[in-house]
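Student: starting from these lines, generate the structure:
(chains A and B)
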There are 2 protein chains.
Amino acid sequence: MDTKPDHMKALFDPQTVAVIGASDNPHKLGFHVMKSLVNSGYAGTIIPVNPGTHEIMGRRVCAAVSDYDKNIDLAIVVLPAKLVPGVFRECALKGVRGIVLITAGFKEIEDPQGGRLHGELAAIANQADIPVIGPNTFGMINFHARLNASFTPEFSQLRRGGIALISQSGGMSHLLGFLAMRAEVGFSKIVGLGNRLNVDFAHMLHYLADDPETRVIVLYVEGLDHPMALVEAARALRGKKPVIGYKTGSGRVSDQASRSHTGSLAGSHAVYTRAFTQGGILHIDNTETLLDTAKALASAPLPQGTGMAVLSGQAGPSMAACDVCERQGLHIAPFSPPTQHRINDLLPPLALRTNPVDMGPAWYNASAIAGIIQTVMEDPHVDGILLLMMFASANVDALRGIKELLLTWKQQKPLLSCIQSPPGVWDAQIKELEDAGALVNFPTPERAAAAMANVWRVHRLQTVISDQAPSSPSPHKGI
Amino acid sequence: MDTKPDHMKALFDPQTVAVIGASDNPHKLGFHVMKSLVNSGYAGTIIPVNPGTHEIMGRRVCAAVSDYDKNIDLAIVVLPAKLVPGVFRECALKGVRGIVLITAGFKEIEDPQGGRLHGELAAIANQADIPVIGPNTFGMINFHARLNASFTPEFSQLRRGGIALISQSGGMSHLLGFLAMRAEVGFSKIVGLGNRLNVDFAHMLHYLADDPETRVIVLYVEGLDHPMALVEAARALRGKKPVIGYKTGSGRVSDQASRSHTGSLAGSHAVYTRAFTQGGILHIDNTETLLDTAKALASAPLPQGTGMAVLSGQAGPSMAACDVCERQGLHIAPFSPPTQHRINDLLPPLALRTNPVDMGPAWYNASAIAGIIQTVMEDPHVDGILLLMMFASANVDALRGIKELLLTWKQQKPLLSCIQSPPGVWDAQIKELEDAGALVNFPTPERAAAAMANVWRVHRLQTVISDQAPSSPSPHKGI
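Tutor: Numbering: from 1, shown residues only, chains lettered A, B, ... in the order given. Below is the predicted model:
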């Protein structure tokens, strides 16, 4: 469908939400959806719809959407599959502008009746210009509107931030959400596309292009009916918002599983990864790397070259970071002569004064550490900084000593770090620096370095693509 | 040196510990070492040694080791480098049996005086048969003796467990320690070898071979003077205790940095990785994978083949796990006919009933889930199980429903899992299952699968090596 932008807006930022199939029985998904909405701090109107009861979670219940006398922007549907076509017709009559269809049991089941129902729903929704998230989805969350339209109330615990996740798997969305809760990474939207009645990855990219809350778009893909639509939508975002994606199914068995699970047209893994590259979508093959890269893209500028400085409080972690940099196409930049002279003034004659710099011998001298970091920040050979600091009781004040410098500099070049301590020791200080945009922190030097390599790749993908005239290459080639 | 076993025992399990250079000034390392010892719950006697004061942390101070009238097993030395030879002579006279030499400034510094001092100390220690951990180390911790002989009191927060870490980097030891605190992974010993006066990796492997608390040995290596000694010591452990290792310096810059940092004889990265393989040491190139693999080896049996079953509550995570399995030499085993029939009885006719199994449709039926898991456990085609479960509000009881089964089965084959929830929801239940040896849990499906591939590799390394007569191949070839 050609989704109307105002309908997409009403879907994600509704004034009024109806839950069709709302329930106060905790064994029903309609209970969990209600709980999500009611507990997320959503400021709009919530209308439980259920012909069999009068009140759910303190809210008056309507027997049908037609019974509600004002407009309904969004309907969340959690009824058995066979009832859904009737509900869709009622929604179309009522003028509902968007639907989240949580119910499963359509084209993904073996019974051909599922596919027939799917087609019937698509016809109704397309006729009425209603964009539908689902079927077979956990739902979606718009964090900045405090709208949790999913069957998982716990998603509301996530921080608001700049990452939009568009996913074809509920399991992976929950996994990424829980990892992000633990790492305190913030999201703008999480959208479970499910079996994509009429809203697919491409529609979401079009919509998110103008979403002011979204700085980075993360895709989790299992299979696509229209890979070229994704390529074209992603190309339209080039130079505007980074798009990164994870496509599972690289193995024989998982590829097969993916095809049956999503009910998508077949297509080998290689076709998708080529489509990613053509669309300028950075392809990542690991959940944690996906989240790490999204986090870096949401909070750090893109490096303008491959020259890295590795500043470390201890030699070992710096070598681990250098290994990853060199393996992944970055280089450890030789410092310019003024930088090197300044470092030689500040550090005693130990071996590791060239890049990578072992700042350990200066830990007791906060101004020396700050001096080293500052001169490296200003070095024109340096496109990005990896800062690695492991706590020891004797250096407990080291982080405080460089805080002002980091807050003032505010990542004029990307500064990714691995600053690690026992739980609770430095965590609050690191969070403060992250929230102020002064650095982006990772649990290990390798993950910080891999995230740096990925933000560099995003920069390169955007540059390579925007060097071509947008219409010149035939994007259908090779797909 | 040929380290006397009883001296190594006294070093790691001393009755009496002297801290030479003890201090009550928090700006001195001697303060932090005292704090580590005093706060770790160590049951032996602690003797602060310092000629300038009478009491430190409530303990009577001796002016010199000779002033103490009973035996001293372990001396921890935190004095400036130039004073250390005199102290070593006093320790030899006193009959001290082991030394941890924290002081830096010996052969790793540019001044040739450092190398001379290093040689002098080695001569004294070797003459007196005193094994020395260090110099230039944070120290060591023997968790089962509650002995924290390091300058980092926070190491005492780590759980006791079966992993011994022998490391050439203080930074990496602290990093691994902090990661382990956050993941609640337990250690038997953490030993910072530093610049290895006379205790090197090989000596530690000999000693740990008979250490009843150590089930897995983890090495972090930057450079070695005697790679063949490590190969031979590791080969002696084959079939007894798994040894895994991380060698940084794979890149040009980090290799160079590693050579200057450790002051070791040069040797390319390839030489070390070949030495690892010859010794049956599994080579790992990432901090988190190192810890994950150690955790799996400490708590799961080795798989006897490559046939994996992937049981998942959601399809997406199972595909991610299958991808890693297939990429890393495991295979997703087709179930034997009785297993497949049983699963078909228990699950509705959805696509993913063959391996990987999407158990999602049965989440509301604990006995169906348990039935699937149990039949798969018993399948002779299955050598290991990956169990993946993402929390949703509606499946909050799912973990409780399979608990008894997992506790009873107790990993007759390795069962690695990624069971994830918002912080605090399932964490305690997972920990209980882990502590009972019922499973080993990881933050992502990919990490669980990679750990499984690594425990399989350990099994293969041990089998390949033990097929050869121990003395037949010339281990010097290729080194």
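Student: run the chain-centre distance for stretch A:273-286.
Tutor: 15 Å (Cα atoms, centre = their mean, to the nearest Å).
Student: the stretch 1-150 of chain A: helices as residue ranges?
Tutor: Counting by DSSP state H, counting those that start in this stretch, one finds helices in the stretch 1-150 of chain A at the ranges A:5-12, A:29-39, A:84-94, A:112-127.
Student: residue contacts, A:Met377?
Tutor: The contact partners of A:Met377, taken as Cβ atoms under 8 Å, 6 or more residues apart in numbering or on different chains, are A:385, A:409, A:412-413. Heads up, the C-betas are built off the backbone N, CA and C, glycines and all.
Student: now with 6 Å, please.
Tutor: A:Trp409 (Cβ atoms under 6 Å, 6 or more residues apart in numbering or on different chains).
Student: again with A:Thr16
Tutor: The neighbourhood of A:Thr16, defined by Cβ under 6 Å, 6+ apart, consists of A:44-45, A:72-73.
Student: point out the most buried one among the helices of the stretch 1-150 of chain A.
Tutor: Across the helices of the stretch 1-150 of chain A, the average number of neighbours (mean count of other Cβ atoms under 10 Å in any protein chain shown) peaks for helix A:29-39, which reaches a mean of 23.
Student: how about residues contacting that one?
Tutor: Among residues not part of helix A:29-39, those counted as contacts by Cβ under 6 Å, 6+ apart are A:19, A:21-23, A:25, A:46, A:56-57, A:76, A:78, A:148, A:150-151, A:153, B:393-394.
Student: apply 8 Å and report the result again.
Tutor: Outside helix A:29-39, the residues touching it (Cβ under 8 Å, 6+ apart) are A:17, A:19, A:21-26, A:46, A:48, A:50, A:56-57, A:59, A:76, A:78, A:102, A:139, A:147-153, A:155-156, B:392-394.
Student: so which of those are in strands?
Tutor: Using DSSP state E to define strands, the subset of the contacts of helix A:29-39 located there is A:17, A:19, A:46, A:48, A:56, A:59, A:76, A:139, A:147-150.
Student: among the residues you listed, which one sits closest to chain B?
Tutor: Checking the ones in strands among the contacts of helix A:29-39 against chain B by Cβ to the nearest Cβ gives A:Ser150 as the nearest, at 9.1 Å.
Student: report the separation between the residue lying closest to A:Val455 once chain neighbours are set aside and A:Met8.
Tutor: For A:Val455, the nearest residue in space outside its immediate sequence neighbours is A:Ala296; the separation is 5.1 Å by Cβ to Cβ, 6 or more residues apart in numbering or on different chains. If you measure A:Ala296 against A:Met8 using Cβ to Cβ, to the nearest Å, the figure is 28 Å.
Student: can you list the strands that the lengthiest strand in chain A pairs with?
Tutor: Longest strand in chain A, counting residues (DSSP E): strand A:159-167. Based on DSSP bridges, the pairing partners of strand A:159-167 within the sheet are strand A:186-192 (parallel), strand A:216-221 (parallel).
Student: could you dump those strands to CSV with mean neighbour count and mean pLDDT?
Tutor: Putting the strands paired with strand A:159-167 into CSV (neighbours: other Cβ atoms under 10 Å in any protein chain shown; pLDDT from 0 to 100) gives the following:
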stretch, mean neighbour count, mean pLDDT
strand A:186-192, 25, 98
strand A:216-221, 26, 97
